[in-house]
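S.K.: need a structure here:
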Amino acid sequence: MPEQKGERNPRPKKAAALKYDPGEDNAPRVVAKGEGYLAQRIIELAREAGVPIKEDSSLVEALLKVELEREIPPELYEAVALVLAWAWRLEGKA
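M.R.: Numbering: from 1, shown residues only. The predicted structure is shown next:
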């Protein structure tokens, strides 16, 4: 659909995916991240796999700065812990 006068283009979608295995990892790792089409694909794959999706623009901005396959830095532990607790509650694991 063409842009109407006075309408702003929507901000490009951004996404990051985390993996955390308490038996193997010291902290969650960033396993996928991207903007635009790549972000949409990450979200599609998560939905197809039944992975809970939490929208948090501040957290995703911070996660996009973390290198792929790296553990999140300590300053993100609390924010990510809240998201993991939310996801585990949804899946009935908490």
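S.K.: Next, the closest residue to Asp56 other than its chain neighbours: secondary structure please.
M.R.: In space, and not counting its chain neighbours, Asp56 is closest to Val83: 6.9 Å by CB to CB, 6 or more residues apart in numbering. In this view, the C-beta of every residue, glycine as well, is placed from N, C-alpha and C. Secondary structure state of Val83, per DSSP: H, G, I helix; E, B strand; the rest coil, is helix.
S.K.: helices or strands up against the least confident helix or strand in the chain by mean pLDDT?
M.R.: Between all helices and strands in the chain, the lowest mean by mean pLDDT, DSSP states H and E belongs to helix 77-90, at a mean of 90. When contacts are defined as 3 or more CB pairs under 8 Å, 6 or more residues apart in numbering; DSSP states H and E, helix 77-90 sits against strand 14-19, helix 57-64.
S.K.: Comparing these, which comes out most buried?
M.R.: strand 14-19 (a mean of 20; mean count of other CB atoms under 10 Å).
S.K.: Could you write out the alpha-carbon coordinates of the helix or strand following that strand in PDB?
M.R.: Following strand 14-19 in sequence order, the next helix or strand is strand 29-35 (DSSP states H and E). Output in PDB follows, covering the C-alpha atoms of strand 29-35 (Å, rounded to 0.1, in the frame of the first residue of the first chain):
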ATOM      1  CA  ARG A  29      23.300 -16.800  24.400                       C
ATOM      2  CA  VAL A  30      22.200 -14.700  21.400                       C
ATOM      3  CA  VAL A  31      21.600 -17.300  18.700                       C
ATOM      4  CA  ALA A  32      19.900 -15.100  16.100                       C
ATOM      5  CA  LYS A  33      19.400 -11.400  15.600                       C
ATOM      6  CA  GLY A  34      18.400  -9.000  12.800                       C
ATOM      7  CA  GLU A  35      16.300  -6.300  11.400                       C
END
